[in-house]
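[1] below are the sequence and a predicted model for it; my questions follow.
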Amino acid sequence: MPRLLLITASSPEIQQVRRSRVLNFQQITMPYLAARVPPDWHVTHVDEEAEKLDWNIEADLVGITFHTPSANHAYHLAAHFRSRGACVAMGGPHVTLLPEEAGRHADVIFIGEAEGLWEEFLQGFVAGAYHRVYRQTGAPSLERAPMARKALFHRNDHTSGVLFATRGCPNHCDFCTVAVMYRDGLRKRPIAEVAAECASFQGKVIIFWDDNITADRAYAKELFRAIAPCQKWWSSQAGIHAGRDDELLEAAASSGCKQLFLGLESISQSSMGEVHKGFNRVEEYARIIKRIHGHGIAVQAGMVFGFDHDTHEIFKDTLDFLEETGVQNATFNILTPYPGTPLFRRLEGEGRILTRDWPKYNSRTEVVYQPKQMSTAELIAGFRYANERFYSLPSMARRLARSPVQIWWTLPLNLAYGWRALAEAT
């Protein structure tokens, strides 16, 4: 019986960074890939965000997936298990972005999506004849995708009910890795299959791990109506256009949607144009937030600081806007040009990339490029100011007093984030 160890890698540094985020949703890549492994294999999954890895575990094959900030750690894992005689296969965002680099540390790499190629590799592994590089050249079908192996999930809290309905995004924002990972744009699973998987979870809360669940609004409406009988509470990421469609919002709310993460990114229209996200029209942000709130759905705003048009005023102006509109939660990030993205290529061409030390590409503690209108220290200070102010008691009072949405859970969540922000500051 072949022994397969699957590792969702997260470096100690990244684990420390992510502790500041109360909501860290369970990663689902490996439980889905495990569902495609033949039944006669012995499969173990270690999610380093949730548990410690036993470095002495015996395995014939080790599969590792990771994001850029954990690359060095993943390479260390690979070297360790290769030294113990295991075959190491790597895939995921960083491998797809920098395959030549990753290939120097693994026996096998997967470039792009793994479905189909993964099964081919496993057959070759058993036969003793497999390739070093598996490159996805098309868009693998999402029909009849097996459900993730729930026994390999390692969290039993509010993050345990996770699945996906769509993959990819039709947009091509310069700073985003999604368009690089999924070059075929948006793809959708059959709605009946998504609804069946949604119903299969025992808990009440569901997270759709989609990059933009409302990208195809007709599909989204049908999906929401199909999952309504499941009687779950759910959240996902959505594009700004979701807030322009009352029918969609009503279907979402009726199906149990409690919160939508909106990638607002910036309150500067010039910044949105700069990174090819001009379809985010800043002038309508307030109306869209109000409309979403009107359907009883909370808004978590994704904000990024450090665009070329950002001046020192961007931090205060952003916080003023979020408080005035009663946004329940926000995630702040420092602009990070991930390798392989158009943003990285542009900044590299301008000589503004400061480091290729991948652990620093975590969007929260370091600035890895030279900003245009402020120093790196000023950008970090502004980012910290945003977190500390947003989750301060006065800000909570201003925002939640303007919010008509579920204060019974948004207030405790804000308090938890506020405690984390205070702990980081001290």
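    It's in. What you see is a predicted model, and the numbers here were worked out from it, not measured in a lab.

[2] residue boundaries of the strands in the stretch 101-250 of the chain?
    Per DSSP state E, counting those that start in this stretch, the stretch 101-250 of the chain carries strands over the ranges 108-111, 133-135, 162-163, 166-167, 187-188, 205-208, 233-238.

[3] parallel or antiparallel, which strands does the longest one pair with?
    The partner list of strand 233-238 in its sheet, established with DSSP bridges, is strand 205-208 (parallel), strand 257-265 (parallel).

[4] other residues contacting it?
    Here strand 233-238 makes contact (Cβ atoms under 8 Å, 6 or more residues apart in numbering) with 198, 204-214, 227, 255-263, 300. Glycine gets a C-beta too; all of them are placed from N, C-alpha and C.

[5] ok, now with 7 Å
    Here strand 233-238 makes contact (Cβ atoms under 7 Å, 6 or more residues apart in numbering) with 204-208, 210-214, 256-263.

[6] between the strands of the stretch 101-250 of the chain, which one is nearest to Thr311?
    Nearest of the strands of the stretch 101-250 of the chain to Thr311, taken as Cβ to Cβ: strand 233-238 at 28.2 Å.

[7] okay, the strands paired with strand 233-238 in JSON lines with distance to His76 and mean pLDDT next?
    Formatted as JSON lines, those follow (distance: least, Cβ to Cβ, whole Å; pLDDT from 0 to 100):
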{"stretch": "strand 205-208", "distance to His76": "30", "mean pLDDT": "93"}
{"stretch": "strand 257-265", "distance to His76": "32", "mean pLDDT": "96"}
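
[8] tell me which of these is the most buried.
    strand 257-265 (a mean of 23; mean count of other Cβ atoms under 10 Å).

[9] which ones are touching the closest residue to Arg189 other than its chain neighbours?
    Residue nearest to Arg189 in three dimensions, not counting chain neighbours: Leu142, with 4.5 Å by Cβ to Cβ, 6 or more residues apart in numbering. The neighbours of Leu142, taking Cβ under 7 Å, 6+ apart as the test, are Arg167, Arg187, Lys188, Arg189.

[10] narrow those residues to those that are buried.
    By neighbour count, with 16 or more other Cβ atoms under 10 Å, the contacts of Leu142 hold Arg167, Lys188, Arg189 as buried.

[11] and the first one, what does it touch?
    With contacts defined as Cβ under 7 Å, 6+ apart, Arg167 is in contact with Leu142, Tyr182, Arg187.

[12] residues near the second one, how many?
    This means Tyr182. Other residues near Tyr182 come to 19 when the count uses other Cβ atoms under 10 Å.

[13] for it, give me phi and psi.
    phi -120, psi 80 (degrees, to the nearest 10).

[14] just to revisit the earlier point, need the strands paired with strand 233-238 in TSV (columns: distance to Thr177).
    Putting those into TSV (distance: least, Cβ to Cβ, whole Å) gives the following:
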stretch	distance to Thr177
strand 205-208	19
strand 257-265	13
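
[15] low-confidence stretches in the chain?
    18-25, 155-160, 408, 418-426 (pLDDT under 70).

[16] if we go to 80?
    Scanning the chain for pLDDT under 80 picks out 16-26, 154-160, 184, 402-426.
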